[in-house]
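[1] what's the 3D shape of this:
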Amino acid sequence: MSTKLYNPNYDVVIIGAGPGGYVCAIRASQLGKKTAIIDKEWLGGVCLNVGCIPSKTILKNAEVVNNIRNNSKQLGISFDNLQIDYSAAVNKSRKVSKRLTKGIEHLLKKNKVDFIKGKAQIVSNNSIVIKLPTGDTKQISASDIVIATGARPKLPSQFNVDEKQIISYQTAILQKDCPKSVAIIGGGAIGVEFATIWNSYGSQVSIIETMNDILPKEDEDISKELNKSLTKSGIKIYTNSTVKDVNCTNGKIALSILTTNDLKSINVDQVLIAIGFTPNIEGLNLSKVGVEFDSNNFIRINDNMSTNVKNIYAIGDVTGKLLLAHVASAQGIIAAETISQHPTTSLNYKMLPKATYCNPEVASFGYTENEAVEAGYDIKTSKFQFRANGKALSMGAHNGWVKIISETKTDHILGAHLIGPQVTELLPELSLAYNLNLTTLDVAQNIHAHPTLSEAIMETAQGLNNKMIHQ
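    As a prediction, this is how the structure comes out:
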């Protein structure tokens, strides 16, 4: 094995080519920095390859399947021999991921960013050694280093995750067979999205969540509404519950679940672990370089994405701030602009958008109602039901609502919480209103096209000003 010097004059080197890393690389190059990006596996990271993109592709198929199975009669459609192939959805998702990966490869070339495939180790705050797929190593230098290595599923020792019967989300994304019965440990975004997929394809699905509600970080009204909707669809939900015992025999998994009231037993074909993430920091040599971590081993950063070590930055899931692809990309831009001494912005993580693609969809940003009260705000709330929205009714998707929380004194938005059809596409209007310091009256007076789902936002804002028309 040999170590060779490989173009030692980079201005910026990013380790990790996910949504944070590749965006940071492109922005740094746009600002005149000679840039390289290193990844041991793939362009686009988890999100593009085994995360948000393929899951949304499969979810779209699941939506169609759900409509066919449950709404075909009212749509005037009948089938003599309905056949549903789950593997077709997975195959489609791989094609979408592959296409987008090629797109990122093109963008890096267009912006003159060098992509180096290999495993990086930081030697100092301006030197990196890369182990290449061939087994050789190369050493490069950089004026600034950005760590964007992401995070991986947290897998408790209680479960023997063999990626066959007991699986992580990556196997769940890639497997071509839909489990006949499945228990999902964790009722967060990943848990409820896979519950939606598998339930739509006819699986018997159970969600086991230790907290009081599924999506426990969302507004309490959202969590309860989603619980009601998923339960109605046939999904069994156990909240305030923990798995006490796991036994795998004869191709089945027996789970003992301790609930608030008693001990329940269920038997399933598969178990998906979706209880959180742990940062990818192994092998980077960060402790020896002096980089500091928080109590959960995520890398500590300041508002400019700087670590405590000069010239070393960190972005994305490895920082533990808000584990979302769009947050990683925003952090990547800030890091690149900070390094380039270009005017940049800062992030208020509390007010960044979140989206969950269950059925119905969930979208939110800002304070929940309980958080706003606990923070000492004098608040007003307004809620508009989609069952009073013409477009939602015409789509046959009348469940859910829009909820806005505002400060009484200023009429500024403190938070928005949406559940219903395509609400992930509706949220940006409200987050933009917040960022532009607009009032709810400004939103209410903005004329929305009819019939659109977005009218629900206008009506909710009108409700905060005693002007709601259709409810």
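
[2] drop to CA atoms for contacts and neighbour counts, all remaining ones
    Noted.

[3] surely Gly16 and Gly45 touch.
    Yes: taking contacts as Cα atoms under 8 Å, Gly16 lies within contact range of Gly45: 7.4 Å.

[4] who has more neighbours, these two?
    Neighbours per residue, other Cα atoms under 10 Å: of Gly16 and Gly45, the larger number sits with Gly16, 28 against 23.

[5] would you map out the domains in this structure?
    For the chain, automatic domain parsing gives the domain ranges 3-48+91-153+278-350, 166-275, 360-464.

[6] take the ones you listed and write them to TSV, including distance to Ile84 and mean pLDDT.
    Below are the domains of the chain laid out as TSV (distance: least, Cα to Cα, whole Å; pLDDT from 0 to 100):
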stretch	distance to Ile84	mean pLDDT
domain 3-48+91-153+278-350	14	96
domain 166-275	8	97
domain 360-464	22	98
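
[7] any chance of those in TSV, plus distance to Asn66?
    Below are those laid out as TSV (distance: least, Cα to Cα, whole Å):
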stretch	distance to Asn66
domain 3-48+91-153+278-350	18
domain 166-275	5
domain 360-464	12
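
[8] closest one to Ile68 among those domains?
    domain 166-275 (9.8 Å; Cα to Cα).

[9] just to revisit the earlier point, closest to Asn81 out of the domains of the chain?
    Nearest to Asn81, of all the domains of the chain, is domain 166-275, at 15.7 Å by Cα to Cα.

[10] quick revisit: identify whichever of the domains of the chain lies nearest to Glu63.
    That would be domain 166-275 among those, by Cα to Cα, at 7.2 Å.

[11] can you give me the offset of the closest one from its chain's centre?
    Offset of domain 166-275 from its chain centre (Cα atoms, centre = their mean, to the nearest Å): 18 Å.

[12] what about that domain, start to end distance?
    Distance across domain 166-275, first residue to last, is 13 Å (Cα to Cα, to the nearest Å).

[13] ditto for stretch 316-325
    One end of stretch 316-325 sits 7 Å from the other (Cα to Cα).

[14] what do you get for stretch 157-164?
    Stretch 157-164 has an end-to-end distance of 16 Å (criterion: Cα to Cα).

[15] how about the spatially most central residue of the chain: what's its closest non-neighbour residue?
    The chain has Leu324 as the residue nearest its centroid, 4.5 Å off, counting by Cα atoms, centre = their mean. Excluding its sequence neighbours, the residue lying closest to Leu324 (Cα to Cα, 6 or more residues apart in numbering) is Asp317, at 7.2 Å.

[16] okay, Pro19 and Leu464: tell me how far apart.
    Distance of Pro19 to Leu464, given as Cα to Cα: 37 Å.

[17] quick one, phi psi at the closest residue to Gln422 other than its chain neighbours?
    Spatial nearest neighbour of Gln422, chain neighbours left out: Glu361 (6.4 Å); criterion: Cα to Cα, 6+ apart. With angles defined as degrees, to the nearest 10, Glu361 sits at phi -70, psi 160.
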